[in-house]
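[1] predicted coordinates and the sequence they were generated for:
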Amino acid sequence: MTVYLDVIWLLNFLFDTFLLYLTAIILKRSIRVWRLLAGGLIGSLIILLSFTPTAPITNHPASKLLFSVLMVLTVFGYQRWRFFIKGLFTLYFSTFLLGGILIGVHYFIQYDSELTAKVLLSNVKGFGDPISWLFVLLGFPVAWHFSKTRVESIEMTKIQYDQMVKVVLTIDQIELFFTGLVDSGNQLYDPITKMPVMIVSVKNNDGSLPDPIRKLAEEGESIVTETIDLPDEWQNRLRIVPCRVVGQEHQLIVAIKPDAIKIVKENEAYFYEKGLVSFTLQELSADGAFQCIVHPKMLTGQKLSGDAVKVS
């Protein structure tokens, strides 16, 4: 069997470099290009040493761990122990993640071993796995991009989850329960009363909403120009709030003043009385994770304790 050492070394150099780059992306660390390339070069030296008399030592797990330590120190430097360990573990996480994807895809599409060997070509045996270098060369960029986008997606989901709250609206002795997302970019206020406005979607409601709320969500825009038959106690709650949206300079939305707004976040609850709520049929979350966008000022209300923190 002919082994093209220069090709194998170049592939390992590129793979190690991209693994270090993915590690930097996950950790949100800025790195210099020359450090990144130097780290990849150190990692690829294992391939060259595998063809020398030191091969038994080089292939030992302790030696591989040492090379990983040198790679992390070269790329990220050393600031403190926790900083270093986090970088080392994340490098191994990236390696196992990409390796697992490649192995999983390989065995997923492999239905005939002889046919696969002919199709994938260049099967390099004796280097620890039966996956062809051609398959790895083609699959690695795809696996790298997939891993990067998945990690970013998980991170965004975590950020979103950290901003999730439980919302209880009390209107005319009726309690409505929603899951909300605290949006720091929501700066919608009633210009007259300076009350913050919460946006609530009732598109996927089970039909238990009071008729006035359903009318406000369905015919809210027509309230500005027409008179909609609402109970007197609801008429007194109405507010017309100007706002700006993408593509439109000015727009008017209809909001109501509830009797109380209770927001529960983790083990803390907040009572906010001077706030407005605008109901809409527009879906705010594509996956249904939340039904309302909470104004951040509503988390500055009076803190509650005891049983008030619980949401039924």
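    All right, it came through fine.
[2] from here on, just use CA atoms for contacts and neighbour counts.
    Will do.
[3] next, the residue lying closest to Tyr189 once chain neighbours are set aside: phi, psi?
    Nearest residue to Tyr189 in three dimensions, chain neighbours excluded: Pro196, at 4.4 Å (Cα to Cα, 6 or more residues apart in numbering). Dihedral pair for Pro196: phi -70, psi 150, per degrees, to the nearest 10.
[4] from Lys148, how far out is Pro196?
    Distance of Pro196 to Lys148, computed by Cα to Cα, to the nearest Å: 37 Å.
[5] what sits against the closest residue to Leu281 other than its chain neighbours?
    Nearest non-adjacent residue to Leu281, counting by Cα to Cα, 6+ apart: Lys203, 4.6 Å away. For Lys203, the contacting residues are 280-283, by Cα atoms under 8 Å, 6 or more residues apart in numbering.
[6] try Leu88
    68-69, 72 are the contacts of Leu88 under Cα under 8 Å, 6+ apart.
[7] mind saving the C-alpha coords of the helix or strand containing Asp6 as CSV?
    Asp6 is part of helix 5-27 when elements are defined by DSSP states H and E. Extracted C-alpha coordinates of helix 5-27, given in CSV (Å, rounded to 0.1, in the frame of the first residue of the first chain):
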residue,chain,number,x,y,z
LEU,A,5,2.7,11.2,3.8
ASP,A,6,2.6,14.8,2.6
VAL,A,7,-1.1,14.6,1.7
ILE,A,8,-1.9,12.9,5.1
TRP,A,9,0.1,15.6,6.9
LEU,A,10,-1.6,18.4,5.1
LEU,A,11,-5.1,17.1,5.8
ASN,A,12,-4.3,16.7,9.5
PHE,A,13,-2.8,20.2,9.6
LEU,A,14,-6.0,21.6,8.1
PHE,A,15,-8.3,19.6,10.3
ASP,A,16,-6.4,20.5,13.5
THR,A,17,-6.5,24.2,12.4
PHE,A,18,-10.2,24.1,11.8
LEU,A,19,-10.8,22.3,15.1
LEU,A,20,-8.9,25.0,17.0
TYR,A,21,-10.9,27.6,15.1
LEU,A,22,-14.2,26.0,16.0
THR,A,23,-13.0,25.8,19.6
ALA,A,24,-12.4,29.6,19.5
ILE,A,25,-15.8,30.2,18.1
ILE,A,26,-17.5,28.2,20.8
LEU,A,27,-15.5,29.9,23.5
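[8] buried ones in that helix?
    Under the neighbour-count criterion of 16 or more other Cα atoms under 10 Å, helix 5-27 has 9, 11-24, 26 buried.
[9] contacting residues around that helix?
    30-31, 36-37, 39-41, 43-45, 47-48, 72, 75, 87, 90-91, 94-95, 137, 140, 144, 148, 151-152.
[10] of the residues you listed, buried ones?
    Applying 16+ other Cα under 10 Å to the contacts of helix 5-27 flags 36-37, 39-41, 43-44, 47, 72, 75, 87, 90-91, 94-95, 140, 144, 148 as buried.
[11] from those, which ones fall inside helices?
    When DSSP state H is applied, those are split such that 36-37, 39-41, 43-44, 47, 72, 75, 87, 90-91, 94-95, 140, 144, 148 fall in helices.
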